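Undergrad: here is my input; please provide its structure:
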Amino acid sequence: MTTRRNWQPLLLTLRLLGSGGLLAFLVWRAHPASIWAVWRRANPRLLALAAGLQVLCVFISAFKWSVLLRANNARQPYHWLARIYFVGQFANNFLPTSVGGDAMRVLALGRRSGNYARASASVFMERLTGFLALSLIAIGAIVLTTTDRFGLRLDTSPALAWTTTGFALAALAAAAMAFASPWLLRRYHRLLPRPTRQPLRRIAEALGEYADNPAALVIVMLLSLLFHATWIGMHVVSGMALGIDAPLLIYALMVPLTDIIGLAPIFVNNVGARDLVFTVYLRQVGVPEASALALAFTAFSIRLAVSSIGGLVLLFGGATTGPARATNAEATDAEAGIAPGEAKALAAPALRPNEGKPLE
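TA: This is a model prediction of the structure:
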């Protein structure tokens, strides 16, 4: 643990240099004055609409989370889930902490419900279905733009296409393992360290419950696709606000690929990855690099502005876990067979998304 903490500042510095260096190079090549000229003619009404779509993305994600909790007999008030989701977004983007927004959601839900295993399973499954929907959209867009089905042929490197395909296969494999986790743990639990067997068994049982509720999973996948359609729509409206004339299909390609590339550990909050992808693809349809970078900055700024709502939720106490359940959380954990020290261990989903990324 000590070694990991010693390495964290260095790794963060390298990531900042990687993201910042790539971004600085792109801005220098496009000329800052040209980017500013694009911003000056932005339509404020369309920017407000884009911000509204970003808020809608959070509400869709919170509703998807609530569907997963209902499927696991762990229903929670939707308004509370939405507030906690905003807090998670704020943590990802603003707080200097190694505990990500997903972990904060697990801890908040675990304290409120007294069941960290189901909390972990719900957040894991919510992210996993988001990964899968993201991969499907990216693969579909790559196929459509490389086969010229709609008159829009774009150059995509084979490495990027294979990376996207591998990402989709990994998401499918993770889903299969999640549903099979009860059987896998029964068969191989002796290979695990003894202190982790009981909490992992409870998480596996919670994940296995989703396999018995296919109707809920279908709804969750549809909500994941709706989320990504709204997320892509936010970029489309932002492009319209900046006067960018580009086909809708190119947004369906750029946005998912940005989120996938941003998973690489060299990037921080997708900075650099987003700007590179937007520049490469919009340039192919005649959009100047300055406009592409202005779009990337605008989308990033809107996401940051909306995630700051989570800070207001924290400031005004809207993220409380509820006095009755919060004070009895440790007793409930003991009844569930989860020791107090195991709560934080359960708060890290098995698939860790990149910080602050919309993979819902």
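Undergrad: residue 228: neighbouring residues, count only.
TA: Per other CB atoms under 10 Å, the neighbour tally for residue 228 reads 25. Just so you know, the C-beta spots here come from the backbone N, C-alpha and C atoms, and that holds for glycine as well.
Undergrad: same question, residue 151
TA: 7.
Undergrad: distance of it relative to residue 161?
TA: Counting by CB to CB, to the nearest Å, the separation of residue 151 from residue 161 is 20 Å.
Undergrad: which residues does the helix or strand harbouring residue 312 contact?
TA: Using DSSP states H and E, residue 312 maps to helix 309-315. If you take CB atoms under 8 Å, 6 or more residues apart in numbering as the criterion, helix 309-315 is touched by 55, 83, 86, 87, 88, 89, 90, 91, 94, 318, 319.
Undergrad: how about the first one, nearest residue that isn't a chain neighbour?
TA: Using CB to CB, 6 or more residues apart in numbering and skipping residues adjacent in sequence, the residue nearest residue 55 is residue 306, 5.6 Å away.
Undergrad: so for residue 304, what's the pLDDT?
TA: Residue 304 carries a pLDDT value of 91.
Undergrad: that one reaches residue 93, doesn't it?
TA: Yes - contact criterion CB atoms under 8 Å: residue 304 and residue 93 qualify, at 5.7 Å.
Undergrad: let me see the mean pLDDT of the helix holding residue 312.
TA: Taken as a whole, helix 309-315 has a mean pLDDT of 89.
Undergrad: quick one: low-confidence parts of the stretch 151-300 of the chain?
TA: The model of the stretch 151-300 of the chain has pLDDT under 70 over residues 264-265.
Undergrad: follow-up on the earlier one: buried subset of the contacts of helix 309-315?
TA: The neighbour count (16 or more other CB atoms under 10 Å) marks 55, 83, 86, 87, 88, 89, 90, 91, 318, 319 as buried among the contacts of helix 309-315.
Undergrad: residue 318 in helix, strand or coil?
TA: The three-state label given to residue 318 by DSSP: H, G, I helix; E, B strand; the rest coil is coil.
Undergrad: ok, residue 197 - contacts?
TA: Each residue near residue 197 by CB under 8 Å, 6+ apart is listed here: 185, 189.
Undergrad: now do the helices in the stretch 51-200 of the chain.
TA: Using DSSP state H, counting those that start in this stretch, the helices of the stretch 51-200 of the chain run over 78-94, 101-113, 116-146, 158-188, 194-211.
Undergrad: now do the stretch 201-350 of the chain
TA: So, for the stretch 201-350 of the chain - with DSSP H, counting those that start in this stretch - the helices run 214-241, 248-261, 273-283, 289-307, 309-315, 323-327, 329-336.
Undergrad: looking at those helices, which is nearest to residue 145?
TA: The closest of these to residue 145 is helix 248-261. By CB to CB, the value is 5.5 Å.
Undergrad: which parts of that closest one are buried?
TA: For helix 248-261, the neighbour count (16+ other CB under 10 Å) marks 249-261 as buried.
Undergrad: by contact count, what packs against it?
TA: The contact analysis (3 or more CB pairs under 8 Å, 6 or more residues apart in numbering; DSSP states H and E) places helix 248-261 against helix 116-146, helix 158-188, helix 214-241, helix 273-283.
Undergrad: out of these, which is closest to residue 19?
TA: The nearest among these, by CB to CB, is helix 273-283 at 7.7 Å.
Undergrad: residues in contact with the closest one?
TA: Contacts of helix 273-283 (CB under 8 Å, 6+ apart): 19, 22-23, 26, 30, 154, 244, 246, 250, 253-254, 257-258, 261-262, 264, 267, 289, 291-293, 295-297, 299-300.
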